[in-house]
Structure formats: structure tokens, C-alpha cells
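Asker: sequence first, then the predicted structure, then my questions.
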Amino acid sequence: MSSAATASVCGLVAFSDGDDLARACAAQMANLLDRAIRQRGVATLVLAGGSTPAPMFRELAKADLDWSKVIILQVDERFVPPDSPLSNARLIRETLLTGPAAAARFVPLWSPAADLAAAADAADAVLAALPRPWDVVFLGMGEDGHFASLFPGSPQLAAGLSPDTDRLCLAVEPHDPAPKEPRLSLTLNALLDTRHSLLMIRGQKKRTVLDAALAGNADLPIHALLSHTRAPLSILWAPEA
């Protein structure tokens with residue numbers, strides 16, 4: 001039985017540990033995907049990378065879904081080959097696309113383009129050809145308040161958060177202090193074009209940043225996401241182990 005207890009902050013749900021968090025997030029995501037398949041015959045899932053979601057991906061891989069009707073996309077990606085240890089695509093392949101879940105259609109952001117800008121243009125065109133709104137967007141958040149690859153202080157942040165952009169995918173150049181590597185990132189407009197969003201975070205430091213963003217700190221990129229009203233947003237949190 002889950003140890004979840006509804007918190008008073010913007011519908012945030014807190015869990016006692018990472019295992020409960022991973023199971024609950026995977027179960028909610030599986031339910032949303034199953035509903036989409038039943039209603040529309042296909043489900044589109046957009047996934048963030050990083051180390052935090054790996055246990056959740058392993059749980060989700062066990063879900064009893066018609067995985068052949070699931071399209072999996074990426075929130076962001078480092079501009080590295082798909083076999084690199086830094087690749088989010090590699091993480092998804094190794095933790096989620098296993099067993100029955102391997103039948104899902106995976107559409108990575110990375111491509112062997114000549115440079116970062118060309119890769120972003122190629123990804124933008126691929127994404128534009130897919131049906132929207134997405135069914136589920138899964139996001140994480142950094143201790144600096146970034147989400148996707150939209151980092152505070154980045155020269156690309158304003159474009160990534162702009163409500164007027166037609167871009168779905170953005171080239172994000174390295175910047176001090178972050179990101180360290182060139183990246184591809186979906187824009188806020190693209191991420192908001194969904195039927196449901198899930199934000200999963202771990203640790204008290206991130207909880208403090210989240211609370212600040214919820215309280216109105218617009219200097220934190222995540223504030224822009226939390227301020228949207230297009231689709232339901234579920235926030236799930238657990239302390240560090």
C-alpha cells in the first residue's frame with residue numbers, strides 16, 4: 001500500500017521514499033497511457049532523462065499495456081552519440097524499452113546531423129509530423145530550478161520559455177554554469193501541448209526550490225511551467241534515501 005499523503009502545496013503528493021515514488025509515478029503514467037490507447041488508439045509519452053527517473057522507468061516497463069501503440073519521445077537530450085553514457089536515449093533504452101515495452105516506437109531527439117543547430121532543426125521537423133497534443137509529459141527539475149534543458153542564465157532560456165515561439169525543439173549551447181554539454185530541448189510551448197504533465201522530484205533541496213517557484217519566484221525557469229493552465233499537472237516528491 002502506498003505511503004502517499006496529499007500535501008497542501010499545489011496538489012503536490014509526498015512519498016516516504018524513492019521506491020514508493022517510482023511505483024506511484026509509473027502507475028499513474030500507465031493509467032494515463034492506457035486511457036489514451038483505449039480512447040484514441042495511440043498514446044504519446046514524452047520523457048525527461050537524468051538519474052532520478054531510472055527506477056520509475058523500470059517500474060513502467062512492467063506495465064500491462066499494448067506497447068505497440070505507444071510512441072515515446074524525449075523532453076531533452078545531450079548532443080552526444082546514442083551509445084554515450086551521457087545519452088538520455090541510452091537510459092530510456094536500457095531501463096524502459098525492455099521486455100514487452102520494447103515494442104513501443106521510440107523517436108529520439110538526437111540525429112547524426114552536422115552540428116547542433118541542424119540536429120535541432122531535424123528534431124523539430126520530426127516532432128511537428130507527430131500528432132499532438134501529447135498524452136503524457138514527464139519532467140524532472142534541477143536544484144537550480146531548470147526543467148528540460150532550459151537553464152537559468154542560458155542565452156536560450158528566453159526563447160525556450162517564449163509563449164510566441166513556433167519551435168518545438170531548441171538548440172541549447174553550453175553555458176557557465178550549465179549546461180556543460182550542447183543539448184537539444186523541447187520548448188515550454190511544446191511541453192505544454194499535452195493532456196497531462198507529471199513532475200517528479202527527489203530531495204529537500206529540490207523541494208525548497210519548488211516551494212519558491214510555487215510562491216512566485218519567476219527567476220526560476222520551473223515557475224513558468226507551474227504557472228501554466230493548459231492541462232493538469234501532477235507533482236510527486238520524495239526525500240533522499
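Answerer: Structure's in. What do you need? Numbering: from 1, shown residues only.
Asker: buried residues in the lengthiest helix in the chain?
Answerer: Counting residues, the longest helix in the chain under DSSP state H turns out to be helix 18-40. Going by neighbour count (16 or more other Cβ atoms under 10 Å), the buried part of helix 18-40 is 18, 20-26, 28-30, 32-34, 36-37. Using the backbone N, CA and C atoms, a C-beta is placed for each residue, glycine as well.
Asker: per-residue confidence at residue 18?
Answerer: On the pLDDT scale, residue 18 is placed at 93.
Asker: go on, the one 4 residues further on?
Answerer: pLDDT, the model's per-residue confidence, is 96 for residue 22.
Asker: one more: residue 7?
Answerer: For residue 7, the predicted pLDDT is 33.
Asker: flag the shaky bits of this structure, pLDDT-wise.
Answerer: 1-10, 241 (pLDDT under 70).
Asker: what ranges does it have for its strands?
Answerer: 5-6, 13-14, 43-47, 70-74, 76-78, 105-106, 136-139, 169-172, 183-186, 197-202, 233-238 (DSSP state E).
Asker: so which of those strands comes closest to residue 216?
Answerer: strand 233-238 (16.1 Å; Cβ to Cβ).
Asker: list the buried ones in that closest one?
Answerer: Those would be 233, 234, 235, 236, 237, 238, for strand 233-238 by 16+ other Cβ under 10 Å.
Asker: so who does residue 109 touch?
Answerer: 73, 74, 76, 77, 89, 119, 123, 169, 184 (Cβ atoms under 8 Å, 6 or more residues apart in numbering).
Asker: tell me which of the residues you listed is nearest to residue 12?
Answerer: Closest approach to residue 12 among these (Cβ to Cβ): residue 76, at 23.0 Å.
Asker: verify the stated contact: the closest one with residue 184.
Answerer: Yes. Using Cβ atoms under 8 Å, residue 76 is in contact with residue 184, at 6.2 Å.
Asker: mind jotting down where the helices sit in this structure?
Answerer: According to DSSP H, the helices that the chain contains are 18-40, 54-60, 88-95, 116-128, 157-161, 188-192, 204-214, 222-226.
Asker: residue 69: which of those is closest?
Answerer: helix 18-40 (5.0 Å).
Asker: which residues are contacting that closest one?
Answerer: The contact list for helix 18-40 (Cβ under 8 Å, 6+ apart) reads 2-4, 13, 15, 42-45, 55-60, 62-66, 69-70, 135-136, 138, 195-196, 198, 200, 202, 234, 236-238, 240-241.
Asker: beta-bridge partners for the nearest residue to residue 106 once chain neighbours are set aside, please?
Answerer: Nearest non-adjacent residue to residue 106, counting by Cβ to Cβ, 6 or more residues apart in numbering: residue 72, 4.8 Å away. Beta-bridge partners for residue 72, by DSSP bridges, are residue 45, residue 106.
Asker: so who does residue 72 touch?
Answerer: Counting by Cβ under 8 Å, 6+ apart, residue 72 has contacts 45, 46, 47, 92, 96, 97, 104, 105, 106, 107.
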